[in-house]
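**Student:** below is the structure, and that's it, no one-letter string:
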């Protein structure tokens, strides 16, 4: 199944990787193909400071979530 992922969904998964959205994105394996825009990576960097504040995660934990999220093979269009 193909799913278009908005940057806000990525933010939600980064902030709470154990929530439903994080579980879906990080653990859905080969069930879904995720699509997002190329601009998503820029948006994550642009709002990194705010993500750190809102998430209440350490910088290392949030960085790990970011690496995990970006390692998913999002097809960017």
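**Tutor:** In hand now; what should we look at? Computed from a predicted structure; not experimentally measured.
**Student:** ok, the residue nearest to the spatial centre of the chain - contacts?
**Tutor:** For the chain, residue 10 is the residue whose C-alpha lies nearest the centre (CA atoms, centre = their mean; 3.2 Å). Neighbour list for residue 10: 25, 36, 40, 44, 69 [criterion: CB atoms under 8 Å, 6 or more residues apart in numbering]. Glycine gets a C-beta too; all of them are placed from N, C-alpha and C.
**Student:** widest-spaced pair of those?
**Tutor:** Within the contacts of residue 10, 25 and 44 form the most distant pair, 13.3 Å apart (CB to CB).
**Student:** compare those two (neighbour count), which wins?
**Tutor:** The residue with more neighbours, out of residue 25 and residue 44, is residue 25; 23 against 17, by other CB atoms under 10 Å.
**Student:** looking at this, residue 64 is in a helix?
**Tutor:** Yes - counting by DSSP: H, G, I helix; E, B strand; the rest coil, residue 64 is located in a helix.
**Student:** start the count at 827, not 1, going forward
**Tutor:** Okay, residue one is now 827; in that scheme the one you just asked about reads as residue 890.
**Student:** give me the distance between it and residue 870.
**Tutor:** Distance of residue 890 to residue 870, given as CB to CB, to the nearest Å: 14 Å.
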